[in-house]
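K.L.:
Okay, predicted coordinates and the sequence, questions at the end:
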There are 6 protein chains.
Amino acid sequence: MRILVVNVNTTPSITDAIGAQAAAVASPGTEIVPLTPAFGAESVEGNYESYLAALAVMEAVRAYPEPFDAVIQAGYGEHGREGLQELLDVPVVDITEAAASTAMYLGRSYSVVTTLDRTVPLIEERLHVAGLSARCASVRASGLPVLALEEDEETTVEAIVEQAVRAVEDDRAEVICLGCGGMAGLAERVVERTGVPVVDGVGAAVTIAESLVRLGLSTSKVRTYAPPRPKAILNWPPEYAV
Amino acid sequence: MRILVVNVNTTPSITDAIGAQAAAVASPGTEIVPLTPAFGAESVEGNYESYLAALAVMEAVRAYPEPFDAVIQAGYGEHGREGLQELLDVPVVDITEAAASTAMYLGRSYSVVTTLDRTVPLIEERLHVAGLSARCASVRASGLPVLALEEDEETTVEAIVEQAVRAVEDDRAEVICLGCGGMAGLAERVVERTGVPVVDGVGAAVTIAESLVRLGLSTSKVRTYAPPRPKAILNWPPEYAV
Amino acid sequence: MRILVVNVNTTPSITDAIGAQAAAVASPGTEIVPLTPAFGAESVEGNYESYLAALAVMEAVRAYPEPFDAVIQAGYGEHGREGLQELLDVPVVDITEAAASTAMYLGRSYSVVTTLDRTVPLIEERLHVAGLSARCASVRASGLPVLALEEDEETTVEAIVEQAVRAVEDDRAEVICLGCGGMAGLAERVVERTGVPVVDGVGAAVTIAESLVRLGLSTSKVRTYAPPRPKAILNWPPEYAV
Amino acid sequence: MRILVVNVNTTPSITDAIGAQAAAVASPGTEIVPLTPAFGAESVEGNYESYLAALAVMEAVRAYPEPFDAVIQAGYGEHGREGLQELLDVPVVDITEAAASTAMYLGRSYSVVTTLDRTVPLIEERLHVAGLSARCASVRASGLPVLALEEDEETTVEAIVEQAVRAVEDDRAEVICLGCGGMAGLAERVVERTGVPVVDGVGAAVTIAESLVRLGLSTSKVRTYAPPRPKAILNWPPEYAV
Amino acid sequence: MRILVVNVNTTPSITDAIGAQAAAVASPGTEIVPLTPAFGAESVEGNYESYLAALAVMEAVRAYPEPFDAVIQAGYGEHGREGLQELLDVPVVDITEAAASTAMYLGRSYSVVTTLDRTVPLIEERLHVAGLSARCASVRASGLPVLALEEDEETTVEAIVEQAVRAVEDDRAEVICLGCGGMAGLAERVVERTGVPVVDGVGAAVTIAESLVRLGLSTSKVRTYAPPRPKAILNWPPEYAV
Amino acid sequence: MRILVVNVNTTPSITDAIGAQAAAVASPGTEIVPLTPAFGAESVEGNYESYLAALAVMEAVRAYPEPFDAVIQAGYGEHGREGLQELLDVPVVDITEAAASTAMYLGRSYSVVTTLDRTVPLIEERLHVAGLSARCASVRASGLPVLALEEDEETTVEAIVEQAVRAVEDDRAEVICLGCGGMAGLAERVVERTGVPVVDGVGAAVTIAESLVRLGLSTSKVRTYAPPRPKAILNWPPEYAV
C-alpha cells in the first residue's frame, strides 16, 4: 500500500526526517511518500501558520498524481484534518491523535512535550476536539523552536528530557508523546532518562494508517466528513499548488 | 470607528446582506465596511470550505488598505478566528461566539438553528473550543443550504421556525440563535412564532466589537495570539489576494 | 436609556465609585443610576452576606420609582441574578459574567483576582452556573478585604498585581478580570505590570447592558425566568425596603 | 439530639407534613422540630421565592431559642444552604442533596420528579453545584404546583407516576427521588407503579443529619463556610424575624 | 440489624481493626460481623490484588450462612461493589463512596489521603465511576504500605498529616478522608493537626448502611444491578470459598 | 509474534469464533492463540460475571506456558484490563477500547451496539474510565443474549441493524462498533444496511497489538501498572487454573 506522509512545514529537511521516520516503521510492502506543501511557513508554530498549513496540506494531497491508500498529516496540534477527511475516500491520520491514542494503551495518563509555549494551546485544543484529552496529564513546552530541534541534539534532548521528567513527576504522566514531527529519533534518549514509554507520532500514525487500510475501514461519509457539495470555488487552488 | 465585517462566502449578495444587517445595528459614528474574500466557496458548508474561508478572510483583512478598529468574522461555525487574532492588534469577534455570549444573558440555555445537517458539528465544535457550549441546548439544522435562504422567504422561515419550536419544546432552549449570516432579517418572524428572544450573530457581534473598542480592550498578545514569529513564508499570499 | 447599577454592599462610597466607573464608560444618552441597598452588609464577603445582598438588590430595584431600561448587579460572585431576571422585563447583567464573557474575546483563558480567599468559591460557582468557567484559568485572592481596597492604593495595587502575575505565569491566564466592584480604577496599573488586558466588570457590564437594549433583546420568559406566579407572600418586603 | 427541620414555604400545613415525615424516620431519642419561616412565599416555585426562602430559613434558625444539633433545609432545589453553613456550627443537610446522595447508593442513575417545569432548572443547578449531578439521569416536572399536591392524591400520584415511568424507561433512571417536600408520603405508591426504589428527601436528610451528629462531624470552617466576619449589617434582620 | 463488614485484605488483624471501628459507630441493636476473605492478598495495593479482592469479598458474603441486612465493602478504591449489588438484595456500601458522600456534607471540597502512590489512580477512578469526584480536590499518597500503618503510629500519623496539610493548603481541600481501612483510629490526631473535619470511611459506611435499612431502601434491580441471569458457571466458586 | 486472544466467556465455540476473527486480520508471521478461561460464566452479561472473567482471564494468561508478545482481552465492557497490565510486561489491548479508538479515526462520533440492556452501563463505564467516551454517541442494546447471537443469524442481524440505524439517525453516530466478541462476522451485513463504517473490536485489537509490538512499546511501569508488590497471596490461584 502507499501512504502519503505530508509535512506541515515547507522545509524539505523536515520532510526528509519525517519520511525516514515513517519508512523505518512501515511494514514491508508499504510505500511511504513524503510530501512538502507548495506554500506556507518554513516552520508551523501558531494559528496563522497552522491554518495556512491546513490548506497547503490539502492541496499537496490533491496535487499528488498517483493513487494512494492513506494520508498522514505530520504536524503536531495543527488544523486541517477534518478538511482532508472530506476531500478523500481513504483514511486520514493526524499524528497528534495517533500519538495520543497509542499512549493511552500504554499508561493511565500521558503528557506531550512540544516546542514553543505558544503551541501548547493548539495541541490542547486539537486533543480536546478529538476527544482524546481526558487522560492527557499536560502539554509542556521545551522552549525550542521547530527549526532549532535539528541544530544541537544535546541541547534538544536536554530541553525535552527536562520537561518529560517534570511531566512524569509533577503531572503524574505515565507516557510521554514527542510533540513535534521534528523530534523523530529522540525517543530512545528520552526513554533512557525517564523510564517511561515514549511515543513518536509519525511512527504511531504509520501503524494506524496501515491498520485501517488492512481492516478495510475508511472515513464515514454520512455527515461531518461527507464530500463538499458541488459549487463554485473562486480563485482556488493557486496555480503553483496544482 | 471603522469595523470590517468579513463574509466567509464569496457571494457578494450575502456580503451585502450582512453589511446591511451590521449597519442597521451600528452606533452613529461607526463605519461598517463589508468585505468579500478574494477566493473560496460561494457558500461555506463544511470543513474544507471553512478552512478555505479561514485563510481567505485573513487575507481579505490583510489586503484592506485603510486603518480599522475591529474585525467581525461573519460566518457561523467557521474556522479561522484564532489566526486573525494573531495577525491583528485590534479586536476580532466571531459571530458564532457573539450570538452565544449574547444569548447567555437572555436565558438559561440557547439553541442554534442553522442550515445543513453537515454544518451542525462545525458549530458544536466552535462553541466547544470557545468555552461557550455549557448552556447550549442543541444545534439544529433546518435542512436549507446557505444559498437557498434568500430564495423563498416563506419556506425559509417555516423551516427555521419548525426547528426553533422543537428546540424550545424538546431541548428546553430559552433563546434561539440564528445560525447563519444569511438568516439576517428573519429574527422578528421567529420571535413571533416561538415567543423567545432570537439573536442574530451579526448584530450581536457589532455591539461587542464596538464595546471592546470603547473599553480600550484588544487581544492579549502574551501567548496563544502573539504575532507570528518572523520567518520565511513560501508562495503566500497568492497575488490576487493582495 | 437609563441603567440601574446596584451595589451589593451597603457602603455608599462604594456605590459612588461604582457609579463613577459606570458613568465613565456609558454612551452619551445613557443615564447611570447607582443604587445602594436599604439593608445588608457594609461589605459582602461570603455566602450569608451574599444571600442578603441578593434580596436587598432585588428590593432596591423594585423600590426604584422611575422607569429604567436595564439593571446591572455590581457584585463579584454574588447570588441573586436569577431572581432579578424573574422580577424584571428588562435585561439584567451581572458583573462577574460581564467580565468573563468580555475576557473570553480577548484571550484563550482568563483569571479573576479578587479580595479574600473565602470569596474564591463563590466566584467559581457563579462562573460555573453561568456556563462561563471552561476558559477560567483560576480565581485568585489578593487577601485584601473589600473595605481595605480604598485605604491604601499602593498596597492594593501590589497585592492585586502579585496575584495577576502568578495567574499569567503559573496558571497561563491571558487576561485578568478585576474581581471586585471596589477595584474599579486599578485596571490601568495592572495592565502596566502584567502586559495583559485587564477587564473591569462594571465597565464591561455597562456596554453589555447598552448592547442588549440597543438590540431590543431581553430576558426569555418561557421557563426559568418567567415572572413569579401570583401568590401570598408573607411579611415581605420590610417597610424600609419599599 | 434535636434536629430543626425548616420548611422553605410559609404554609404551616406543609411544615406539619414535613415534620411528620421527619419524625416517622427519626431514631428514638431524636427530637424533630419543624419550623416555618416568618416571611416569604406560601409556596416556593422559582428563583425569587427561593432567594427569599434562603434568607427566611436562615433567620428562622437564628431565631430559634434553644440549642440544636443539626438543621435540615426542607426545600427541593432551593438556594441558601451555604449561608446556613456559615452561620452555624452544627451540620446542615439540604434535602435535594440528601435524596441524591442516598439514591446513588441504590442504583447507577437517578431521576428527580418535581412540581412545575420552571423549578427543573433550579434543581439541576443545585445538584450541579453540589457535585451530585454526574449520575442524575433527568429532572422531570409533573406539572403540579406545590399547593396542588395536597388537594387530590389520585391526580398527584398519577402525574408523578407518569413522569417516574418515563424517567425509568426513557432516561434509564434506576431510582426516583421525589422532588418536593410536599410529596412526602407518596413514595410507596410510586414504588408500586415503577418497581424502582423511591427516595424521599426529608427522610433521607434525617438519617444523614443523625449520622453526622453521631460521627461527631460538622461543617469545615477553614474557608468557604467560615463564620461571617464581624461587620456592620444594616437594617437586618427585620423585627418580626427575630 | 446485622451488617457484614468485609475486609478486602486477608490479614485478620486488619479485619479486627475494621470490625472494632465499625462496632464503635454502630447503633445499639446493630450487630457488626467482620469477615475476612478466604483467598487473596494480605494487603490490597493495586489492580490485580483489587480484582482478586472483588471476587473474594463476593464469595465471603455468599458463604456467610446467616441472614444479614447490609454489606460494607471495607477497602479504599477497590473493585467489586457492582458485583455485590447484583448478587444481593440488601444494600451494599463501599467505604470509598461513603467517605466521599459524607465529606461533601461538611465542606465544599475534600481530599483523600491514602497509602501508596500506586493506589491513587484506583481511588480516583472509583470516585469518578461513582459520580463523586466533582468536589474531590485531590487524592494524595502518604507513601506508607497498608501493612506498615499498624507498625509505628507516630510515623504513620506524621506521613498522613503531612499530606493532609498540603491538601488543605495547596489543593484547597476543606475535609480530609482517610483513604485506607487500616487508618481507622487516626482521625482525631489528623483533626488536631489540620483543623478540618476528618472522615473515616468505615464509620461513615456504617451510618449509611444503617440509614438505608432504616429507610427500607435497597439496590434497584431494574437494570445495572439485576441478579445474574441463570447460566452455567464453570469451576466456581473454589471449594475453600464456599 | 504471538498474540494471546483471551475469551471472557467459558464457551469454547465463542473462543473459536474470536480466534478465527483474529486470525483473519493478523499479519503473516503473527500467531494467534485463542484461550478459554478455566473458570467463569458461559457468557458474561453483568458485573458479577465480568469480575469473575477479569480474574479468569488473568489466570488463563498466567497459566499459558509459552512466551508471547501481546494479550487481547476479548470481551466488551468487561473488567480486568488494568490487572493484566500489572501482571505482564507485554502490551494488553481491550477490544472495547480498540473498537472505540479505531472508530474515532473514522467519524466524528460512534455508537456501540451490544447485547442486553443490562450490559450497556458496563460498556459506558469502561469507555469512561478509558477516556474514550467523549465522542461516544450512544451505547445501544439489541436485546439479544450473548449465546443467542450464534443461533439465528437473520434475527441477530435484524436486531443489530435496527439499533445501528437508530444510532446513526437519532444519536448522530457516524460509525458503529459491534459491542460483543460474538458479533464477529456480522460487520459486512451491518455496513450494507447503514452505510457507515462498522468496527469489530477483535480485528481492531489485533492491529493495535501488532502495532505496539512493532513499535517496541509496552505498558508503563512507573505507577498505575507497576508489578504487584511481593506479598503473601492466600489460596490463589485455584489448582485448576494453574
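P.N.:
Structure's in. What do you need?
K.L.:
so how far is stretch A:97-108 off the chain centroid?
P.N.:
Mean-position distance between stretch A:97-108 and its chain equals 14 Å (C-alpha atoms, centre = their mean, to the nearest Å).
K.L.:
do stretch A:146-156 as well
P.N.:
Remark: stretch A:146-156 is offset 19 Å from the chain centroid, using C-alpha atoms, centre = their mean.
K.L.:
neighbouring contacts of it?
P.N.:
By C-beta atoms under 8 Å, 6 or more residues apart in numbering or on different chains, the residues outside stretch A:146-156 that reach it are A:9, A:11, A:13-14, A:17, A:42-45, A:115, A:142, A:144, A:180, A:182-183, A:186. Every C-beta, even on glycine, is put in place using the N, C-alpha and C of the backbone.
K.L.:
so what's the closest residue to chain C within chain A up against?
P.N.:
Closest residue of chain A to chain C, C-beta to the nearest C-beta: A:Pro121 (5.3 Å). Shown in contact with A:Pro121 (C-beta under 8 Å, 6+ apart): B:Arg223, B:Thr224, C:Arg108.
K.L.:
That one and F:Leu217, how far apart?
P.N.:
For A:Pro121, the distance to F:Leu217 (C-beta to C-beta, to the nearest Å) stands at 28 Å.
K.L.:
where do the helices sit along chain A?
P.N.:
For chain A, the helices defined by DSSP state H cover A:12-25, A:47-63, A:81-87, A:95-103, A:120-129, A:153-169, A:187-194, A:201-214.
K.L.:
So for the fourth one, mean pLDDT?
P.N.:
Read that as helix A:95-103. For helix A:95-103, mean pLDDT rounds to 98.
K.L.:
Against which helices or strands is that helix packed?
P.N.:
The helices and strands touching helix A:95-103, judged by 3 or more C-beta pairs under 8 Å, 6 or more residues apart in numbering or on different chains; DSSP states H and E, are strand A:70-74, strand A:110-114, helix A:120-129, strand A:175-178, strand A:198-200, helix A:201-214.
K.L.:
now do the first one
P.N.:
In terms of contact count using 3+ C-beta pairs under 8 Å, 6+ apart, helix A:12-25 is assigned the packing partners strand A:2-7, strand A:31-35, strand A:70-74, helix A:201-214.
K.L.:
Repeat that for the third one.
P.N.:
Here helix A:81-87 touches helix A:47-63, strand A:70-74, strand A:92-94, helix B:47-63, going by 3+ C-beta pairs under 8 Å, 6+ apart.
K.L.:
Helix A:12-25 and the second one, what's the angle between them?
P.N.:
Interaxial angle, strand A:70-74 versus helix A:12-25 (axes from the mean of the first three to the mean of the last three C-alpha atoms, to 10 degrees): 130 degrees.
K.L.:
and strand A:70-74, how far out from the chain's middle?
P.N.:
Here strand A:70-74 shows a centroid-to-chain-centroid distance of 8 Å under the convention C-alpha atoms, centre = their mean.
K.L.:
same check, this time on the first one
P.N.:
Between the centre of helix A:47-63 and the centre of its chain there are 13 Å (C-alpha atoms, centre = their mean).
K.L.:
Low-confidence stretches in chain A?
P.N.:
Regions of chain A meeting the criterion pLDDT under 70 cover residues A:242.
K.L.:
what residues go with each domain of it?
P.N.:
With automatic domain parsing as the criterion, the domains of chain A are listed as A:2-94+A:203-241, A:96-200.
K.L.:
Nearest spatial neighbour of the residue nearest the centre of chain A, chain-adjacent residues omitted?
P.N.:
The C-alpha lying nearest the average C-alpha coordinate of chain A belongs to A:Ile95 (C-alpha atoms, centre = their mean; 2.9 Å). Of all residues not flanking A:Ile95 in the chain, A:Gly201 sits nearest, at 3.2 Å (C-beta to C-beta, 6 or more residues apart in numbering or on different chains).
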